[in-house]
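1. Sharing a sequence plus its predicted fold:
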Amino acid sequence: MNYNNDFKYDLELGQLGEMLIGKLLSSRTIEVKFDFGCYRTGNFYIEYQSRNKPSGIATTKADYWMLIAASEYGQRLKSYQEQIQKEDILYAVLIETERLKDLCRSKPYKMGVKGGDSNTSLGVLIKAQTLL
């Protein structure tokens, strides 16, 4: 796309994009996951098992996953009452669940990684760059 210095043109493109995303997501479900280690490692942790039972990506019914890489501030939150500020969000990735499953199977950085509450879960580490 060529650069265009016309605000009206840019506004129309932006509104078109908003409309397309609205239509795309209006009848879909999204599972939202915060990852507070991604800022440090460059990897998202995708859980597939917890306490020896399928969980996370293995059991989700969502059409899309929103993976949010949050800053180190998120690791210091003491409770859910404390709010993450928009500046604590480094970036977010919206991906179709089936595509995420395929990537976890075909391009994992590391499989069988312990995590979750008391390290009772297993997951896949996938490089954030893989999702772009």
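-> All right, it came through fine.

2. count of neighbours near the closest residue to residue 50 other than its chain neighbours?
-> Distances taken as CB to CB, 6 or more residues apart in numbering place residue 121 nearest to residue 50, at 4.3 Å, with adjacent residues excluded. Any C-beta I mention is one placed from the backbone N, CA and C, and that applies to glycine too. Using other CB atoms under 10 Å, residue 121 has 19 other residues around it.

3. which residues sit in contact with residue 121?
-> Residues near residue 121 by CB atoms under 8 Å, 6 or more residues apart in numbering: 47, 49, 50, 51, 55, 56, 114, 115.

4. and with 10 Å instead?
-> 45, 47, 48, 49, 50, 51, 53, 55, 56, 113, 114, 115 (CB atoms under 10 Å, 6 or more residues apart in numbering).

5. out of the residues you listed, which are inside strands?
-> 45, 47, 48, 49, 50, 53, 113, 114, 115 (DSSP state E).

6. Tell me what the fifth one is bridged to.
-> In this case it means residue 50. residue 53, residue 121 (DSSP bridges).

7. Hmm, it is touching residue 56, no?
-> Yes - using CB atoms under 10 Å, residue 50 is in contact with residue 56, at 7.2 Å.

8. anything in contact with each of these two?
-> When contacts are counted by CB under 10 Å, 6+ apart, residue 50 and residue 56 are jointly contacted by 116, 121, 122, 123.

9. List the contacts of residue 124.
-> Here residue 124 is in contact with 43-48, 56-57, 100-101, 103-105, 107-113 (CB under 10 Å, 6+ apart).

10. Those, buried ones only, as a ChimeraX selection?
-> Selection of buried members from the contacts of residue 124 for ChimeraX, criterion 16 or more other CB atoms under 10 Å:
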select :43,44,45,46,47,48,56,57,100,101,103,104,108,113
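
11. So what's the residue count around residue 119?
-> For residue 119, using other CB under 10 Å, the count is 9.

12. likewise residue 29?
-> Residues near residue 29, counting by other CB under 10 Å: 11.

13. what's the answer for residue 114, then?
-> Around residue 114 there are 10 residues (other CB under 10 Å).
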